[in-house]
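Asks: Provide a 3D model corresponding to the input given below.
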Amino acid sequence: MGTRRGKFAVSVLSVLWLHNLFLAASPQDKPALTVNEAVALAVTRNQQALIARAQVDLMRGKVREVRAEALPFISFTSSSLRLRDPSFLNASSFDTIPIEFREGLRPRGANLFDYSFKVSQPLYSSGKVASGLKLASLEMEGTGIDQARVEQEIRLRAVRAFYDLVLAEKLLEVSREMVQQRQRHLELARVRYEAGVATEVDVLRSQVSLANAQPELLRAENAVHHARSVLNNLLVRPVDFPTETLGQLDFVPWTRTKREEIVRDALAQRPELRRLHINELESDMQTKLAQAESRLRVDFVGEYGLSARDPSNLVDAHFTRWAFSLKLSLPIFDGGKRDGLLQQALAQRKVAELTLSAQEEAIRLEAQSALDELARAEKTIEAARLNVTQAERVLEMMQNNYKYGAATTLDVLDSQTAVTTARWTLYQGLHDHTVARAQVRYIMGQDPLEQNGANANSSK
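Replies: All right, here's what the predicted structure looks like:
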């Protein structure tokens, strides 16, 4: 019995271990995410992406609905009727009928059973059905492009939110290190004061400096909480979920610096522009639909069935009834409906053309702004790296000089502040450059997430 219990416990533990391993491997549940996992999770779970996919499904149904207009419509109808109709007795000439016949004309209740198949098929619609099908297909294509645009925007937002959290964590590290430096300096100032080689002013200045650093640390901690909440919201996680980032801020040089190349790719690949081109084609189809409203339409209608008072006769061919017809319709006066539809179609075409032109100009401006931001961030990184090296060297010198009385507390505090500022500037520049790269790729109509593995390197 003890052996069985032991085996059962081992089995349960194995199941729990495999379950926890599965959860740990699932990006939906594990706290630590790479930027690739964060982007994939955002595209999979974000509500806006789900809405875009639902819109595509909606348009698939709409295309099927429009396609049905060109296909035969077949229906089956069956009815049973019990009636008594005295209308013959109310005829104006009923009194002229001889009295001996009137007794035989008394109406009685009767049954009538009926079933039939009906077929209707458009034969000619002056291009209305074909234009409707083309319009539905264009809208289906446009909805797919809208989905791609939404997912691309979510990818960009996820990249930005991910690196916002990385930056906030880096700035928090710098703030904590600054507090620790000032705490160590305060302890050194107290030791020197007790040894009689420093004044009370040094201790007081060190205490004030440490107290002033505490709010900066609190702000940095709050910035991390806020950045994590923004990322969690984008990933459809609880805002207090302990999401962690597995990534660094890296400097990857951007080689394509010509605005014309970026604009050329953007004009060819941006989903917004492709959508506007489809809108122009849709307005042309709307024009054809409006013109077809006042033209000839031919439909075929056929009906075949049986009708009998006795249900047993519903299988007798003598009780068959059928009718076939060609229905021609040509509108003569529609109260201005066709003209109104044409006016709408022409206006839609004009709106699409103007919107396309405005969007192209906006893309050119976006490209120039993104390149300017890349150049600014790159120069900031170059200068900040040099500043960090020099500031750390100066701080080390001031701390050593202070130990031997060759530097003042103000010299050390100024050096600490310079190091903190230089590191903040460096991390901010790396963040801005990383986000700007993603922004340029987005402007070009490409995936904002770079797949070259550069994000796995350490920040310099």
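Asks: how many neighbours does the closest residue in space to residue 407 that isn't next to it in sequence have?
Replies: Distances taken as Cβ to Cβ, 6 or more residues apart in numbering put residue 401 closest to residue 407, at 3.6 Å, once the chain neighbours are dropped. For every residue, glycine as well, the C-beta is placed using N, CA and C. Using other Cβ atoms under 10 Å, residue 401 has 15 neighbouring residues.
Asks: ok, now residue 71?
Replies: Residue 71 - counted by other Cβ under 10 Å - has 10 other residues nearby.
Asks: so what's it closest to, chain neighbours aside?
Replies: residue 121 (8.0 Å).
Asks: ok, now residue 274?
Replies: Per Cβ to Cβ, 6+ apart, closest to residue 274 is residue 145, 5.2 Å.
Asks: from the contact counts, what lies against the host helix or strand of the one you found?
Replies: Using DSSP states H and E, residue 145 maps to helix 128-194. If you count contacts as 3 or more Cβ pairs under 8 Å, 6 or more residues apart in numbering; DSSP states H and E, helix 128-194 packs onto helix 35-45, helix 47-67, helix 200-234, strand 244-245, helix 271-292, helix 337-403, helix 409-443.
Asks: what angle separates that helix from helix 409-443?
Replies: Relative orientation of helix 128-194 and helix 409-443, computed by axes from the mean of the first three to the mean of the last three Cα atoms, to 10 degrees: 170 degrees.
Asks: now the one helix or strand the residue nearest to residue 71 maps to: average pLDDT?
Replies: Assigned by DSSP H and E, residue 121 belongs to strand 110-124. For strand 110-124, mean pLDDT rounds to 91.
Asks: just to check, residue 198 is in contact with residue 204?
Replies: No - with contact defined as Cβ atoms under 8 Å, residue 198 does not reach residue 204; the gap is 11.0 Å.
Asks: who has more neighbours, the two?
Replies: residue 198 (20 against 14).
Asks: please name the residues that touch the more buried one.
Replies: Contacts for residue 198 (Cβ atoms under 8 Å, 6 or more residues apart in numbering) come out as 189, 192, 405.
Asks: make a markdown table out of those residues and add distance to residue 373, pLDDT and neighbour count.
Replies: Shown next, in a markdown table, are the contacts of residue 198 (distance: Cβ to Cβ, whole Å; pLDDT from 0 to 100; neighbours: other Cβ atoms under 10 Å):
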| residue | distance to residue 373 | pLDDT | neighbour count |
| --- | --- | --- | --- |
| 189 | 43 | 85 | 24 |
| 192 | 47 | 81 | 18 |
| 405 | 47 | 76 | 10 |
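Asks: in TSV: those residues, plus distance to residue 175.
Replies: Output for the contacts of residue 198, formatted as TSV (distance: Cβ to Cβ, whole Å):
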residue	distance to residue 175
189	21
192	26
405	30
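Asks: of all those, which comes closest to residue 267?
Replies: residue 189 (63.3 Å; Cβ to Cβ).
Asks: that closest one: what's it in contact with?
Replies: Shown in contact with residue 189 (Cβ under 8 Å, 6+ apart): 198, 202-203, 205-206, 409.
Asks: gap between it and residue 182?
Replies: 10 Å (Cβ to Cβ, to the nearest Å).
Asks: the strand holding residue 121 - contacts with which helices or strands?
Replies: Looks like strand 110-124 contacts strand 73-83, strand 297-308 (3+ Cβ pairs under 8 Å, 6+ apart).
Asks: identify, out of those, the most deeply packed stretch.
Replies: strand 297-308 (a mean of 16; mean count of other Cβ atoms under 10 Å).
Asks: next SSE after that one?
Replies: Assigned by DSSP H and E, the successor of strand 297-308 is strand 320-329.
Asks: so what's the residue lying closest to residue 284 once chain neighbours are set aside up against?
Replies: Among residues not flanking residue 284 along the chain, residue 349 sits closest, at 7.1 Å (Cβ to Cβ, 6+ apart). In this structure, residue 349 makes contact with 280, 283-284, 287, judged by Cβ under 8 Å, 6+ apart.
Asks: now swap in residue 32 and tell me
Replies: Counting by Cβ under 8 Å, 6+ apart, residue 32 has contacts 243-246.
Asks: count the residues that sit near residue 320.
Replies: 12.
Asks: what are the bridge partners for it, then?
Replies: residue 306 (DSSP bridges).
Asks: what about it, distance to residue 110?
Replies: Residue 320 is 20 Å from residue 110, by Cβ to Cβ.
Asks: kindly report the same for residue 213.
Replies: For residue 213 relative to residue 110 (Cβ to Cβ), the value is 102 Å.
Asks: how about residue 38?
Replies: In terms of Cβ to Cβ, residue 38 sits 76 Å off from residue 110.
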